[in-house]
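Peer 1: no letters, just coordinates:
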């Protein structure tokens with residue numbers, strides 16, 4: 001897990017360092033619809049979203065993430081996403097014997113860098129408002145409690161897509177939360193990061209004709 005985090009950070013920093021010095025030649029066909037990042041074009045605006053799924057021994061996580069973004073050139077997208085997320089944690093008799101249900105909503109900016117034709121690196125900051133509903137089984141009857149709070153996360157990872165600017169596409173991405181907020185919806189009771197798998201579509205508002 002530590003190696004994955006370190007590798008993700010190094011890749012993101014490396015790509016941006018190269019991008020600041022020179023333009024990365026696109027690995028796509030020259031008719032990919034990109035304007036090279038020189039001028040704003042409504043043809044490069046896309047909307048879409050994804051479904052999220054996270055699993056661990058005691059935790060189940062599912063959510064939806066609608067998004068709107070802009071393709072600046074053949075290798076860089078950025079935008080804003082909102083999210084709705086539900087998490088269920090089974091009671092662990094060997095830990096705190098508490099069943100937990102969590103609902104959160106929030107959002108934030110994201111970026112995607114495409115160093116290769118079919119692969120991308122994604123970073124996404126999220127701020128969430130969270131409702132916890134706990135049921136402690138240490139007493140008979142069990143004791144219920146609720147908590148409303150907030151949390152920030154930074155999700156980073158790698159994904160796969162068939163991307164061509166101006167054309168609709170499908171993508172999958174796997175990410176983990178690089179921050180360590182105790183109320184993060186992407187961490188379990190023990191503070192371990194829960195891998196987040198998202199799969200979704202992007203549709204350009206003015207699709208290019210093939």
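Peer 2: Nice, thanks for sending it over. Given the structure is predicted, the values throughout are model-derived calculations rather than measurements.

Peer 1: report the beta-bridge partners for residue 82.
Peer 2: Beta-bridge partners of residue 82, counted by DSSP bridges, are residue 107.

Peer 1: how near is it to residue 47?
Peer 2: Here the criterion is CB to CB, to the nearest Å. By it, residue 82 lies 12 Å from residue 47. Just so you know, the C-beta spots here come from the backbone N, C-alpha and C atoms, and that holds for glycine as well.

Peer 1: for residue 181, what are its contacts?
Peer 2: When contacts are counted by CB atoms under 8 Å, 6 or more residues apart in numbering, residue 181 touches 151-153, 187.

Peer 1: residue 170 now?
Peer 2: Residues near residue 170 by CB under 8 Å, 6+ apart: 161-162, 199-201.

Peer 1: could you redo the last one with a cut-off of 10 Å?
Peer 2: Residue 170 makes contact with 48, 50, 160-163, 199-202, according to CB atoms under 10 Å, 6 or more residues apart in numbering.

Peer 1: which of the residues you listed sits closest to residue 102?
Peer 2: Nearest to residue 102 among those is residue 50, at 19.5 Å by CB to CB.

Peer 1: returning to that earlier point: any of the contacts of residue 170 buried? List them.
Peer 2: The neighbour count (16 or more other CB atoms under 10 Å) marks 48, 50, 161, 163, 200, 202 as buried among the contacts of residue 170.

Peer 1: looking at the protein, which helix or strand is least sure?
Peer 2: Here the helix or strand of the chain ranked lowest by mean pLDDT, DSSP states H and E is helix 2-21, holding a mean of 41.
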